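A.B. asks: using only what follows, build the 3D model:
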Amino acid sequence: MITRGNGVEDPEEFALLLTALREHFQPVGIAEELLVEKIATSYWRQARVLRCEVGGNPEAPKQRRCAERLPQIERGQSRYRPAPNV
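C.D. replies: Residues are numbered from 1 along each chain as shown. Predicted structure coming up:
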């Protein structure tokens, strides 16, 4: 987690991502819990790389901000909050 300088990340945003993944996959046991954490960490790092590719500009249009765009594309939702049940 980057906590200082350019590219500061929000620990609460990561916690929301991890919670959403836990709710989605409902891990049973330590092995599955570790896999869910690995998914969250891998996703978080990939989002960091994508932010670097677009210059890490927090003023970039929303459609270019990877931390917002990827979950919307994947799950049709905003940020990491679960999509409403339809």
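A.B. asks: and the one helix or strand A20 maps to, what other elements does it pack with?
C.D. replies: Per DSSP states H and E, A20 falls inside helix 11-25. When contacts are defined as 3 or more C-beta pairs under 8 Å, 6 or more residues apart in numbering; DSSP states H and E, helix 11-25 packs onto helix 29-53. C-beta coordinates here come from the backbone N, C-alpha and C atoms, glycine included.
A.B. asks: which positions in the helix it packs on come out as buried?
C.D. replies: V36, I39, A40, Y43, W44, A47, R48, L50, R51 (16 or more other C-beta atoms under 10 Å).
A.B. asks: mind listing what the residue nearest to the second one when sequence neighbours are not counted touches?
C.D. replies: Taking C-beta to C-beta, 6 or more residues apart in numbering, and ignoring the residues beside it in sequence, I39 has L21 as its nearest neighbour in space, at 5.8 Å. Applying C-beta atoms under 8 Å, 6 or more residues apart in numbering, we find L21 in contact with V36, I39, A40.
A.B. asks: let me know the closest of those residues to P11.
C.D. replies: The closest of the contacts of L21 to P11 turns out to be A40 (C-beta to C-beta; 12.3 Å).
A.B. asks: just confirm the closest one contacts L16, I think it does.
C.D. replies: No - the criterion here is C-beta atoms under 8 Å, and A40 misses it with L16 at 10.1 Å.
A.B. asks: distance check, Q46 against Q26.
C.D. replies: 23 Å (C-beta to C-beta, to the nearest Å).
A.B. asks: per-residue confidence at R75?
C.D. replies: On the pLDDT scale, R75 is placed at 49.
A.B. asks: what's the answer for V36, then?
C.D. replies: 97.
A.B. asks: ditto for Y80
C.D. replies: pLDDT, Y80: 57.
A.B. asks: can you check E9 too?
C.D. replies: 87.
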